[in-house]
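> the sequence and its predicted three-dimensional model are supplied below.
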Amino acid sequence: MPLCVWNVRGINDPLKAREVNKRRAELKVSVFGLVETKVKKDSFDKIREICCPRWRSIDNYDKHPSGRIWVCWNENEERIGRSLVHPSESSPLTECLLEAGLQDLSFSGFFFTWSNHSEGQARIMSKIDRCLVNSSWSSLFSSQAEFLPHGVSDHSPILLSWFNVERKAFPFRFNNAWLNISGMMEVVLEAWSVPVYANPMQVLLLKQKNLKNKLKEWAKIHCSLLHEKVQQAYEQLENVQRQLQSNPTDVSLGRLEKSLLRKYCNLAEAEHNQIRQQASCDWLTMGDRSTAYFHFAVKERKNRKTIRALDDRLGNKLNTEASIVAEITSYYKELLGTDDLEVDADSIREVFLNCTAARNEWTHKFPLDTKVATIISVGSWNQDVLQLQDHDLKVSILNTKINSRLEMDKIIWLPSKSGRFSVSSAYRITELYPQKFQISDGIALYGIEW
C-alpha cells in the first residue's frame with residue numbers, strides 16, 4: 001500500500017489542486033498526506049474533491065482554522081468499478097477471521113483476483129480470492145501463494161509453493177523487554193566496568209562486544225519462556241491474594257503481595273514490549289497480550305518480509321535462495337558499478353603531490369616501504385620515527401613537543417601501492433590539514449583523536 005506525504009504550501013488554486021491530483025495518480029498511492037494546505041474549512045470539500053476525488057479523509061480543522069494537515073486514503077483499494085464497499089459489509093467476515101485466527105498468506109502475482117470481463121467503465125475488478133492460513137500452518141510450512149492470470153475463468157487460480165528454509169544465526173539485537181526485568185542494569189554496569197586498555201574507539205568497541213556476550217548469557221537464563229514466566233508470576237500473585245482473604249492483617253503476606261505485584265507488572269510489560277518490538281505494531285489492546293493470534297501475527301510478518309520467489313530480467317522464475325541472492329547482487333553491481341582497477345602509486349603521487357618542485361623532490365627522498373603506525377609510545381617518538389632516514393621532516397618531528405593530547409593521537413598516512421603505510425604518502429595529509437600540529441618549518445602532521 002504506497003503512501004505519500006507532500007508539503008504542498010497551499011492548494012487553494014484549483015489548477016494547483018489538479019496538479020496535486022495528477023501527481024497522486026502517477027504515484028498510485030493509497031494514502032496521501034498533505035501538509036501546509038492553507039485551505040479554509042469552507043473550501044475544504046471543493047479542493048479535497050479535486051485533489052483526491054471519492055477518497056475519504058481526516059483533517060485538523062478543530063486544531064487550526066486553515067486545516068494545514070490532511071490525510072486522504074483510498075477506501076476502494078481492493079476494488080475497481082461500482083460503488084465502494086462499506087465497512088459494515090465486511091466487518092462480519094473480519095471478525096470471523098480474527099476469531100478463527102486466520103490471516104492472508106503472503107502472495108505474489110495478480111492483485112485483483114476477480115473480474116466481470118466487462119469493458120470500459122462497466123468493468124469491475126476486485127480482490128475476492130484469498131489464501132488464508134492459521135498459526136499451525138505457518139509453524140509447519142514456509143509457503144507463499146501466487147495468483148495467476150484468470151484464463152477462461154473470472155477468478156485467478158491460486159498456486160501454493162513450499163520452500164526449504166535454512167536456519168541461520170540471528171545478529172544480536174537489544175530487546176526492549178530486558179528493561180523491565182530486574183538484574184539487567186547490574187549486568188550492564190559490571191560488563192562496562194571491566195578495564196580495557198586501547199585507544200578510545202577500540203575501548204568502546206571492545207566494551208560493546210563484552211557487554212553483548214554478557215547480555216546474551218543473562219537473557220538465556222532470565223528472558224527465555226517469558227510468556228510462561230508471566231503466567232507463573234500471575235498465579236503466584238493470585239495465590240497470595242487468596243491467602244490474604246483469610247489473613248488480611250498478615251504483614252508478611254502484604255509485603256509479599258506488593259513484591260509479587262511489582263514482579264508481575266514488570267514481566268507483563270516486558271512481554272508487551274517484546275511482542276510489540278517483534279511485530280512492530282501498536283494494536284496490542286486485547287486483554288491477553290500473548291494470545292496465539294499475536295504470536296501468529298509475528299510469524300506472518302516475518303514471512304511477508306521474506307522474498308520467496310523472484311522473476312529475473314529474462315522473465316525466468318527464481319525460487320531458491322542462492323539464485324535470488326545472485327540475481328539481486330548482480331542487479332545492484334550493474335547499477336552501482338564494480339571496483340576500480342588498482343591505481344599505480346606514481347599516479348597517486350602525481351595527483352596528490354602536485355606542488356612545488358622543491359617540496360615534491362623533498363617528499364620523494366623517503367623510501368616507499370617506510371612503515372609508520374602509531375608513532376607515539378609512552379610519551380616518546382617510537383622506533384618508526386627514529387629509524388627514518390635523516391631529513392628535515394625527521395628533525396621537525398623529533399623537535400615537536402609531545403603533550404598529553406598528542407600522545408593519544410595517531411598519525412594517519414595514505415597507503416602505498418603495496419598496501420603499507422609509507423612516509424611519502426604523508427605529504428597529502430600535510431597539505432589537506434595544515435592547521436593540525438604545526439611544526440617549526442611549516443610542515444604539519446595530521447592527528448585524529450580516537
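Looks like it arrived, so ask away. Given the structure is predicted, the values throughout are model-derived calculations rather than measurements.
> count of residues packed around the closest residue to residue 327 other than its chain neighbours?
Computed as C-beta to C-beta, 6 or more residues apart in numbering, the closest residue to residue 327 that is not its neighbour in sequence is residue 312, at 5.1 Å. Bear in mind the C-beta positions are built from the backbone N, C-alpha and C, glycine included. Here the number of neighbours of residue 312 (other C-beta atoms under 10 Å) works out to 15.
> the stretch 201-350 of the chain: strands as residue ranges?
Along the stretch 201-350 of the chain, the stretches classed as strands by DSSP state E, counting those that start in this stretch are 310-311, 317-318.
> could I get these as TSV with mean pLDDT, mean neighbour count and distance to residue 66?
Converted to TSV, these look like this (pLDDT from 0 to 100; neighbours: other C-beta atoms under 10 Å; distance: least, C-beta to C-beta, whole Å):
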stretch	mean pLDDT	mean neighbour count	distance to residue 66
strand 310-311	81	14	47
strand 317-318	82	15	52
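> output these as JSON lines; include the columns distance to residue 192.
Below are those laid out as JSON lines (distance: least, C-beta to C-beta, whole Å):
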{"stretch": "strand 310-311", "distance to residue 192": "44"}
{"stretch": "strand 317-318", "distance to residue 192": "46"}
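> give me the below-cutoff pLDDT ranges for the chain.
1, 15, 75-91, 165-170, 275-305, 337-385, 388-450 (pLDDT under 70).
> show me what the helix of greatest length in it is packed up against.
When the chain is scanned for its longest helix (criterion: DSSP state H), the result is helix 251-279. If contacts are counted by 3 or more C-beta pairs under 8 Å, 6 or more residues apart in numbering; DSSP states H and E, helix 251-279 sits against helix 226-246, helix 292-304.
> any buried residues in the first one, and which?
Buried residues in helix 226-246, counting neighbours by 16 or more other C-beta atoms under 10 Å, are found at 226, 229-231, 233-234, 236-237, 240.
> and what of stretch 100-115?
Applying 16+ other C-beta under 10 Å to stretch 100-115 flags 101-103, 105-110, 112-115 as buried.
> how about the residues you listed, which pair is most distant?
Pairwise distances across those (C-beta to C-beta) peak at 30.6 Å, for the pair 101 and 115.
> returning to that earlier point: in strands only, show me the buried residues of stretch 100-115.
The strands, defined by DSSP state E, take in 103, 107-109, 114-115 from the buried residues of stretch 100-115.
> of the residues you listed, closest to residue 47?
Nearest to residue 47 among those: residue 115, at 33.8 Å, using C-beta to C-beta.
> nearest residue to that closest one other than its sequence neighbours?
residue 125 (4.8 Å).
> how about residue 7?
Residue 7 sits nearest to residue 35 (C-beta to C-beta, 6+ apart), 4.5 Å away.
> what residues does the one you found make contact with?
Going by C-beta atoms under 8 Å, 6 or more residues apart in numbering, residue 35 touches 5-8, 68-69.
> cool, and residue 155?
The neighbourhood of residue 155, defined by C-beta under 8 Å, 6+ apart, consists of 113-114, 128-129.
> repeat the analysis, applying 6 Å as the threshold.
114, 129 (C-beta atoms under 6 Å, 6 or more residues apart in numbering).
> go on, the one 4 residues further on?
Under the criterion of C-beta under 6 Å, 6+ apart, the neighbours of residue 159 are 146, 148.
> can you put the ones in strands among the buried residues of stretch 100-115 in a markdown table and add distance to residue 218?
Below are those laid out as a markdown table (distance: C-beta to C-beta, whole Å):
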| residue | distance to residue 218 |
| --- | --- |
| 103 | 34 |
| 107 | 40 |
| 108 | 41 |
| 109 | 46 |
| 114 | 53 |
| 115 | 57 |
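> which helix or strand contains residue 21?
If you go by DSSP states H and E, residue 21 is part of helix 14-27.
> quick one: buried residues of the helix or strand just after that helix?
Counting by DSSP H and E, the element after helix 14-27 in chain order, helix or strand, is strand 31-35. Under the neighbour-count criterion of 16+ other C-beta under 10 Å, strand 31-35 has 32, 34 buried.
> cool, and stretch 123-137?
Of all the residues in stretch 123-137, those buried under the rule 16+ other C-beta under 10 Å are 125-127, 129-131, 133, 135.
> try stretch 325-334
Judged by neighbour count using 16+ other C-beta under 10 Å, the buried positions of stretch 325-334 are residue 327.
> which other residues reach that stretch?
Where contact means C-beta under 6 Å, 6+ apart, the residues beyond stretch 325-334 that reach it are 312, 318.
> same check on stretch 19-33?
With contact meaning C-beta under 6 Å, 6+ apart, stretch 19-33 is reached by 1-5, 11, 50-52, 71-74, 77.
> make a PyMOL selection of the buried ones in these.
Only the buried entries of the contacts of stretch 19-33 go into this PyMOL selection, using 16+ other C-beta under 10 Å:
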select buried, resi 11+50+51+52+71+72+73+74
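> in helices, which of the contacts of stretch 19-33 fall?
50-51.
> lovely, talk soon.
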